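**Student:** Sharing a sequence plus its predicted fold:
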Amino acid sequence: MRSTSPVAPTPASASAAGAGAGAPTPCTLVVCRGCCCGDARKNPGTDHAGQLDRLRSAAAEHGFRVRTSDCLGPCDQANVVVVQPSPAGRRAGGRPVWVGFATDDDSTEEVVAWAVAGGPGVAPPPVTLELQFVGPRPPRA
């Protein structure tokens, strides 16, 4: 995944990212903004810029991270957001979780709530968000 626009650390995210002694590193959201995700032609009626603004404002407020990426695939399940575990979440067995069809305010708020709670390996996802879990794009041969 190649990041195309990382969020500049704010005081809250800088301390959560380990700038302060003993501060835990938060989970990270990777928001696809490639060929289909974030494209009004693919999902008309979705406020793609508003979704990214909401994720970034929640990250600034609660200390998790948000990055955008070129196409992550699977394009037929746009918009895709990958919730990556924090180091503590990974030690507890958490792995990246791919959320597809994240095109409405409810799914955006559920992603935010999960990230605020700690993400994979730290907190269980909202039950309704689990219905949107998808697999990553198969590797290219």
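**Tutor:** Good, I have the coordinates. Since the structure is predicted, the reported quantities are computational estimates derived from the model, not experimental observations.
**Student:** Cys35 is in contact with Leu72, correct?
**Tutor:** No: Leu72 lies out of contact with Cys35 (C-beta atoms under 8 Å); the separation is 10.1 Å. Every residue, glycine included, has its C-beta placed from N, CA and C.
**Student:** Those two: which has the busier surroundings?
**Tutor:** Counted by other C-beta atoms under 10 Å, Leu72 and Cys35 do not tie: Leu72 has more neighbours, with 22 against 13.
**Student:** Can you tell me, leaving aside adjacent residues, what's nearest to that one?
**Tutor:** Cys32 (4.3 Å; C-beta to C-beta, 6 or more residues apart in numbering).
**Student:** what's near enough to touch Arg90?
**Tutor:** Neighbour list for Arg90: Gly121 [criterion: C-beta atoms under 8 Å, 6 or more residues apart in numbering].
**Student:** can you list the weak-confidence ranges in the protein?
**Tutor:** 1-23, 137-141 (pLDDT under 70).
**Student:** show me where it has helices.
**Tutor:** Counting by DSSP state H, the chain has helices at residues 11-14, 48-62, 87-91, 105-117, 127-130.
**Student:** Pick the most deeply packed of these.
**Tutor:** helix 105-117 (a mean of 19; mean count of other C-beta atoms under 10 Å).
**Student:** who's in contact with that helix?
**Tutor:** The set of residues external to helix 105-117 that reach it, using C-beta under 8 Å, 6+ apart, is 26-27, 29, 51, 54-55, 58-59, 62, 64, 81, 83, 99, 101-102, 123, 125-126, 128-129, 132.
**Student:** hey, what's the residue nearest to Leu72 bridged with?
**Tutor:** Note on Cys32: beta-bridge partners by DSSP bridges are Ser69.
**Student:** That one touches Val80, doesn't it?
**Tutor:** Yes: contact criterion C-beta under 8 Å: Cys32 and Val80 qualify, at 4.2 Å.
**Student:** Mutual contacts of the two, please.
**Tutor:** Counting by C-beta under 8 Å, 6+ apart, the residues touching both Cys32 and Val80 are Leu72.
**Student:** Could you check how far the residue positioned nearest the centre of the chain is from Pro44?
**Tutor:** The chain has Leu29 as the residue nearest its centroid, 2.4 Å off, counting by C-alpha atoms, centre = their mean. According to C-beta to C-beta, to the nearest Å, Leu29 and Pro44 sit 24 Å apart.
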